[in-house]
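Participant: Next come a sequence and a model predicted from it.
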Amino acid sequence: MTKKYIIGNLKMYGSISFYDTFFKKIREFSMHKSLDNIEIALCIPYPYLYLAQQILGNSGIYWGSQNVAKDNEGPFTGEVSAKMLKEFDSQFAIIGHSERNTAYCESDVNIAEKFLRIKEHNMRPIFCVGETLIEREAGMEKKVVQSQLETLVNHGKHIFNNSIIAYEPIWAIGSDMSASPEQAKSMCAFIKEFVEGEADKVNQLGKENKPIKVIYGGSVNEKNTLQLLSLDKVDGALIGRCSLSPDKFLQICEIAHQL
Ligand code: PEP
């Protein structure tokens with residue numbers, strides 16, 4: 001059975017009491033549903049990872065971060081390493097989110113290094129790619145996304161094995177203007193074909209070949225989830241604003257569960 005991935009990107013929101021309530025609600029959800037056809041994860045701010053580990057441990061719900069250091073250790077003030085994230089049983093880490101790329105000028109090479117650190121610590125990277133509105137209007141969306149992927153393709157064997165790529169058109173994030181089902185389907189299919197084609201050439205998926213998952217992010221809500229997740233090329237959704245409401249987020253999980 002192919003699972004749909006529902007991943008919350010909580011950004012820099014919340015508090016101890018918010019996460020305590022959220023984790024307990026989602027744990028409760030996991031106790032009453034079979035999670036056979038969905039995988040649910042919350043990518044949260046670092047200080048709440050311990051709480052996630054305590055409340056969500058053994059629930060079948062996963063958690064992780066929204067960034068990671070490109071180095072394993074050293075004099076890097078303010079950074080958090082993949083090894084540290086793993087100590088809290090994190091299973092996922094978002095990298096390359098456009099909000100970070102804009103605010104902190106992340107280079108593609110930096111992002112590729114982070115991708116490797118996450119994999120070295122047996123976590124799953126959620127690598128965000130996507131074009132700006134100007135690039136889409138110029139018909140360059142595939143070219144832009146391909147170049148974001150190419151940096152990784154050349155970064156070592158088996159790199160994409162068991163990883164997640166999030167197609168997040170920058171114009172759709174936080175905008176109330178989700179990509180249309182046709183746009184989401186076409187780009188997710190393009191990413192999958194490109195990565196699998198390139199990876200094949202250099203045997204990057206490895207022998208065990210756990211294929212990549214391509215999910216869509218950008219103004220996903222409880223109203224458009226069904227349409228977007230029904231697309232066979234879309235393996236799930238990365239949810240920003242709607243993950244700030246546990247009830248809405250769980251509504252989205254329920255829709256995915258019933259697909
Ligand atoms: C995001 O920032 O990853 C995101 C998908 O945000 P939103 O759902 O709010 O558009």
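Facilitator: Looks like it came in fine.
Participant: going forward, measure contacts and count neighbours with C-alpha atoms only.
Facilitator: Noted.
Participant: What mean pLDDT does the helix or strand where residue 145 lies get?
Facilitator: Taking DSSP states H and E as the definition, residue 145 sits inside helix 141-153. Taken as a whole, helix 141-153 carries a mean pLDDT of 90.
Participant: what do you get for stretch 54-69?
Facilitator: Rounded mean pLDDT across stretch 54-69 is 97.
Participant: Apart from its chain neighbours, what residue comes closest to residue 172?
Facilitator: residue 218 (4.6 Å; CA to CA, 6 or more residues apart in numbering).
Participant: Distance check, that neighbour against residue 45.
Facilitator: According to CA to CA, to the nearest Å, residue 218 and residue 45 sit 20 Å apart.
Participant: higher neighbour count, the two?
Facilitator: More neighbours surround residue 218 than the other of residue 218 and residue 45, with 25 against 18 (other CA atoms under 10 Å).
Participant: How about the backbone phi and psi for the residue with the largest distance to the centre of the chain?
Facilitator: Seen from the C-alpha centroid of the chain, the residue lying at the greatest distance (CA atoms, centre = their mean) is residue 75, 28.1 Å away. Torsion angles at residue 75 (phi, psi; degrees, to the nearest 10) stand at phi -80, psi 70.
Participant: ditto for residue 6
Facilitator: phi -120, psi 110.
Participant: Can you report how many residues lie near the residue in the stretch 1-150 of the chain that the ligand sits nearest to?
Facilitator: For the stretch 1-150 of the chain and the ligand, the shortest gap (CA to the nearest ligand atom) falls at residue 9, measuring 5.7 Å. As a burial measure, residue 9 scores 24 neighbours (other CA under 10 Å).
Participant: Perfect, that will be all.
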